[in-house]
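Enquirer: Need a 3D model of the sequence below.
(one chain, ligands or ions: 1)
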Amino acid sequence: MNYREETLRHYAANPDVPVLILGGGVNGTALLRELALQGVNALLVDKADFVAGASSKSSRMIHGGLRYLENREFALVTESILERNRLLTNAAHYVAPLKTAIPLTSWFGGLLRSMLIFAGFKIRPGERGVVPVKFGLWFYDFVTRKNRKTPTHFITGKAEALRKMPAMRPDIVATATYWDAWITEAERLCIELIQDARCANAGSNALNYVRPRGLDGPAVVLEDQLTGQTVSVRPQVVVNAAGAWVDLANRDLGLDTDYMGPTKGSHLVVDNPELCRTLDGQMVYYQHADGRVCIVFPFMGKVIMGSTDIRIADPDTARCDEPEVQYMLDTLRGVLPNVEIRRDQIVHVFCGVRPLQASGSKVTAVVSRGHSIQTIEPDERRPFAVMSLVGGKWTTFRAMAEQSADAILARLAQPRKCRTDDMPIGGGHDCPVGDQQRKQFIARVAGQTGLSETRVADLLTRYGSRSETYARQAAAHAAAASGAADETPMKNLPDYSVGEIRRIAAEEYVQHLDDLVCRRSIIALLGRATEPALTELAAIAGAVLGWDSARQVAEVARALAELRMPS
Ligand SMILES: Cc1cc2nc3c(=O)[nH]c(=O)nc-3n(C[C@H](O)[C@H](O)[C@H](O)COP(=O)(O)OP(=O)(O)OC[C@H]3O[C@@H](n4cnc5c(N)ncnc54)[C@H](O)[C@@H]3O)c2cc1C
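Expert: Take a look at the predicted model:
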């Protein structure tokens, strides 16, 4: 019996569970870990795959949020910068500093609008000049003055800025340069949070493709989306971490809430070597003529650019559409007018839904990115409280999980046993940081296992310090000509091996092929999920997951449909 069947059978026989978490995005998975570490048993269910929501569709910035300062969100920006700095250490395998340039076309521009927004007026921001931006960057540097993990900001005059980046729009007066951070394998970090939770506490469980289907007396009925079977659990607390779906998930519990005001945001991934060269390892953070702040940054040999911000009623309908593609190409032309992007260079698009709190504002950019916990107390029909996690950023997931866990611990009258501020996540444990340490790690592991240095470097980038365990399994396999890790390279993705894909399929809750290419790896994100690659992956994963040839074909078709480009 596999983990999924065992877990469902366990809850059918033992329906009492202290905490039921709905939603396996970064906030739900972080809460599962936080509770596990305090010795609290919890069951997390996601109606789709883990990380299928906003957490796999973000801009991948681990950032303070410069523009939120205009909205007087000093506490949010401070918390975000502190969490960013923690992630630079705790998730050093995936989170790294990102040098960022802001083109500025005036000295004092936007000052009046910034002041009006600061005073509480819900108006669209104007183009910000050197002075307001300098104020924000000074605040950034001030917050981290005692625990500096990134260099301080500086302003570069027009001539020097254009010398460094000749493709930049020529009407700038200066650029501001500062550092935030970015995350490579955001999806894998969430899977690692689940693995860490299960490792810390055998009573923690997580099931994807399971959703609530109403109440049965004091119990919540959960439906397995893969088989249609149901199981009822009796929680003491339900945490609704369903992101943009919070109100819809509450409806599944018979509750009518109106907490959310989601917006969709799309990104393009482009394969354009000239743009990559122009960016020279840094992000450009620029304002479009309509006031919207956009970003473009190099990502693992490709370039990610985005995003849009459009109100949406039903998060399940969110798709990147053709006008959004056009809009993003137009915004780039505004800042780097001489860089031409052909349509066939767009290798992937993705669209996510921001779980913003409900707001009357017509200007989505000024809606707070802060978070709150909304609690509905038990009543005579429903013996458990429902805590909804509303809003938030990727960057602040640990803080939000900590605050939610504290509220739950108070309810369960249990003490906090440990804190997670300084606790590494997954392959972030003992992960080599910086060029020197990385080189030493790669040379040592390659020397001890016989894998090439290039291969160990790839594994380190994907799995952090856990790459060493895999490399040792591969060495044992090579010695015995059998075992867990067959290092035969894939034909269509030669930097992945057959054993590596088998391991992911066997150990990381994969139910569908798109789970593997979209949320256990960045194969799809980098535009590498071609039909031949998907067919080969379906055969390798299918051998582990028991997919016959008809199922493999169906999985390839499902993945291709998920990855279809807008037209
Ligand atoms: C375009 C865009 C760009 C962004 N950029 C950044 C950025 O650069 N930096 C940053 O810090 N933040 C960014 N964010 C915000 C960040 O991505 C989100 O705040 C964060 O991912 C929210 O995580 P979550 O776990 O609350 O929600 P989600 O990741 O959306 O997870 C919710 C989960 O709940 C599941 N679910 C839904 N209904 C049910 C149900 N009834 N039962 C069980 N499960 C259910 C879904 O399948 C989903 O997996 C961005 C967001 C978007 C959309």
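Enquirer: pLDDT weak spots in this protein?
Expert: Regions of the chain meeting the criterion pLDDT under 70 cover residues 110-126, 362-367, 481-484.
Enquirer: Quick check: bridge partners of Asp216?
Expert: Beta-bridge pairing of Asp216 under DSSP bridges involves Ala219.
Enquirer: Can you report how many residues lie near Pro132?
Expert: 24 (other CB atoms under 10 Å). Where C-beta positions appear, they are placed from N, C-alpha and C, glycine not excepted.
Enquirer: what about it, helix or strand, and which?
Expert: Taking DSSP states H and E as the definition, Pro132 sits inside helix 130-143.
Enquirer: That helix - contacts with which helices or strands?
Expert: Applying 3 or more CB pairs under 8 Å, 6 or more residues apart in numbering; DSSP states H and E, one finds that helix 130-143 contacts helix 74-90, strand 95-104, helix 111-118, strand 174-183.
Enquirer: What helix or strand is the closest residue to Leu513 other than its chain neighbours located in?
Expert: Closest residue in space to Leu513, ignoring its immediate chain neighbours: Glu555 at 3.8 Å, by CB to CB, 6 or more residues apart in numbering. Using DSSP H and E, Glu555 sits within helix 549-562.
Enquirer: Check whether that helix comes into contact with the ligand.
Expert: No. On the criterion CB under 6 Å from any ligand atom, helix 549-562 is out of touch with the ligand, staying 13.6 Å away.
Enquirer: ditto for stretch 522-540
Expert: No. Counting by CB under 6 Å from any ligand atom, the ligand is not contacted by stretch 522-540; separation bottoms out at 13.5 Å.
Enquirer: Sort out which residues of that stretch are buried, please.
Expert: Applying a neighbour-count criterion of 16 or more other CB atoms under 10 Å, one finds 522-529, 533-538, 540 buried in stretch 522-540.
Enquirer: Need the helices and strands packed on helix 130-143 in TSV (columns: mean neighbour count and distance to Arg211).
Expert: Output for the helices and strands packed on helix 130-143, formatted as TSV (neighbours: other CB atoms under 10 Å; distance: least, CB to CB, whole Å):
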stretch	mean neighbour count	distance to Arg211
helix 74-90	20	30
strand 95-104	21	31
helix 111-118	16	39
strand 174-183	22	27
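Enquirer: Tell me the helices and strands packed up against the helix holding Glu555.
Expert: Counting by 3+ CB pairs under 8 Å, 6+ apart, helix 549-562 packs on helix 513-514, helix 531-545.
Enquirer: what does the helix holding Pro132 contact?
Expert: If you take CB atoms under 8 Å, 6 or more residues apart in numbering as the criterion, helix 130-143 is touched by 64, 66-67, 69-70, 74, 77-78, 81-82, 102, 104, 106-108, 110-111, 114, 152-153, 155, 173-174, 176, 178.
Enquirer: residues contacting Ile501?
Expert: Going by CB under 8 Å, 6+ apart, Ile501 touches Met490, Leu516, Leu537, Ile540, Ala541.
Enquirer: now, among the residues you listed, which is nearest to Gln414?
Expert: Nearest to Gln414 among these is Leu516, at 37.1 Å by CB to CB.
Enquirer: What is the neighbour count of the nearest residue to the closest one once chain neighbours are set aside?
Expert: Once flanking residues are discounted, Leu516 sits nearest to Val510: 5.2 Å by CB to CB, 6+ apart. Neighbour count for Val510, taken as other CB under 10 Å: 21.
Enquirer: Could you point out which of the helices and strands packed on helix 130-143 sits nearest the ligand?
Expert: helix 74-90 (7.2 Å; CB to the nearest ligand atom).
Enquirer: Off-centre distance for that closest one?
Expert: 16 Å (CA atoms, centre = their mean, to the nearest Å).
Enquirer: ok, now stretch 247-266?
Expert: So, by CA atoms, centre = their mean, the centroid of stretch 247-266 is 20 Å from its chain's centroid.
Enquirer: again with stretch 278-296
Expert: On CA atoms, centre = their mean, the centre of stretch 278-296 falls 20 Å from the chain's centre.
Enquirer: who in the stretch 251-400 of the chain is up against the ligand?
Expert: Residues of the stretch 251-400 of the chain lying close to the ligand (CB under 6 Å from any ligand atom) are Asp252, Gly265, Ser307, Gly352, Val353, Arg354, Pro355, Leu389, Gly392, Lys393, Trp394, Thr395.
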